[in-house]
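[1] give me the fold of what follows.
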Amino acid sequence: MPHITFAAAIQRHIVCPEREVVAPTVGAALEAVFALQPELRGYLLDDQGQLRRHMAIFVDGHAIRDRQRLGDHVAPDSRIYVVQALSGG
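    Numbers count the residues shown, from 1 in each chain. As a prediction, this is how the structure comes out:
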């Protein structure tokens, strides 16, 4: 099963342990977590269900391409990392 991990910076606001999920896409993986922790949805997604600008998701070390529908494929042994994007100068 795909494994989803949330960065420590996110967990300062909402405790979200690592989980094994049954999901064919990033969106489905997030929905599995939201079913257990609905408060996490508003932190990660905007009102249109798109990934918020300050968030980033990596699947097996690669940034997802579909930030709007979250349709990137997830393999049964994938590792999904949800992090806050960093910016500054």
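
[2] can you point me to the longest helix in this structure?
    In the chain, taking DSSP state H as the definition, the longest helix is helix 26-36.

[3] below-threshold pLDDT in this structure: ranges please.
    87-89 (pLDDT under 70).

[4] find the nearest non-adjacent residue to residue 39, please.
    residue 14 (6.0 Å; C-beta to C-beta, 6 or more residues apart in numbering). Yep, even glycine has a C-beta here, placed from its N, CA and C like the rest.

[5] measure how buried that neighbour is and give me the count.
    As a burial measure, residue 14 scores 13 neighbours (other C-beta atoms under 10 Å).

[6] what's the answer for residue 26, then?
    Counted by other C-beta under 10 Å, the residues lying close to residue 26 total 27.

[7] check the contact between it and residue 65; I expect there is one.
    No: with contact defined as C-beta atoms under 8 Å, residue 26 does not reach residue 65; the gap is 9.9 Å.

[8] so how far is stretch 22-34 off the chain centroid?
    Relative to its chain's centre, stretch 22-34 lies at 8 Å (C-alpha atoms, centre = their mean, to the nearest Å).

[9] show residues contacting that stretch.
    If you take C-beta atoms under 8 Å, 6 or more residues apart in numbering as the criterion, stretch 22-34 is touched by 1-2, 4, 16, 19, 21, 40-41, 44-45, 57, 59, 64, 66, 69-74, 80.

[10] and that stretch, what's buried?
    Using 16 or more other C-beta atoms under 10 Å as the burial criterion, the residues of stretch 22-34 that qualify are 23, 25, 26, 27, 29, 30, 32, 33.

[11] got any residues that touch both of residue 26 and residue 65?
    Shared contacts of residue 26 and residue 65, defined by C-beta under 8 Å, 6+ apart, comprise residue 72.

[12] biggest separation within the buried residues of stretch 22-34, which pair?
    25 and 33 (13.1 Å; C-beta to C-beta).

[13] burial of residue 80, as a residue count?
    For residue 80, the neighbour count with other C-beta under 10 Å is 24.

[14] okay, and the residue nearest to it when sequence neighbours are not counted sits in which element?
    Nearest residue to residue 80 in three dimensions, chain neighbours excluded: residue 4, at 4.3 Å (C-beta to C-beta, 6+ apart). With secondary structure defined by DSSP states H and E, residue 4 is part of strand 3-6.
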